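Peer 1: just need the structure, nothing else, for what follows:
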Amino acid sequence: MKKVKDATGEVIDLTYERTLKEKLQRQLLEIEIALERGELDLIEPVEARYANKVMTCKAEFIAIPEKIRHLLQADYGKAIDVEYLNEIVYQTLTTLSECKGEDLPRYDPSEKTPAA
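Peer 2: Numbers count the residues shown, from 1 in each chain. Predicted coordinates for the structure are as follows:
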């Protein structure tokens, strides 16, 4: 083991430092290769795609009351107060926006509805 003192007087094990550097370079190379293969994604694009999906879902939720109003009018000739439906949708969206990830029920694809 080769040891030297740095400018602050701290003793440094050069063999350990060299080994650590090589290990980190190898890990970095593995990450770069995984990125090139498409096995990993950078967090920023993933967050942007997730935010886009959330906004798309929000827009679809907001459009539901008008769709229901038109269907009820066309199929049954019944008029409905769309503001009543809007209020329900906005309450649901507000509740969802206040949830943290750990508060949300986990989705089990084998079930027809999300688990509570």
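Peer 1: name the helix or strand of this protein that has the lowest mean pLDDT.
Peer 2: The weakest-scoring helix or strand in the chain, judged by mean pLDDT, DSSP states H and E, is strand 3-5 (a mean of 79).
Peer 1: helices or strands up against it?
Peer 2: strand 11-13 (3 or more CB pairs under 8 Å, 6 or more residues apart in numbering; DSSP states H and E). Every C-beta, even on glycine, is put in place using the N, C-alpha and C of the backbone.
Peer 1: just the residues contacting the strand it packs on, thanks.
Peer 2: Applying CB atoms under 8 Å, 6 or more residues apart in numbering, the contact partners of strand 11-13 are 1, 2, 3, 4, 5, 6.
Peer 1: cool, stretch 57-64 as well?
Peer 2: 85, 86, 89, 92, 93.
Peer 1: pLDDT (mean, whole number) over it?
Peer 2: Confidence for stretch 57-64, expressed as mean pLDDT, is 90.
Peer 1: pull out the buried positions in it.
Peer 2: By 16 or more other CB atoms under 10 Å, stretch 57-64 has no buried positions at all.
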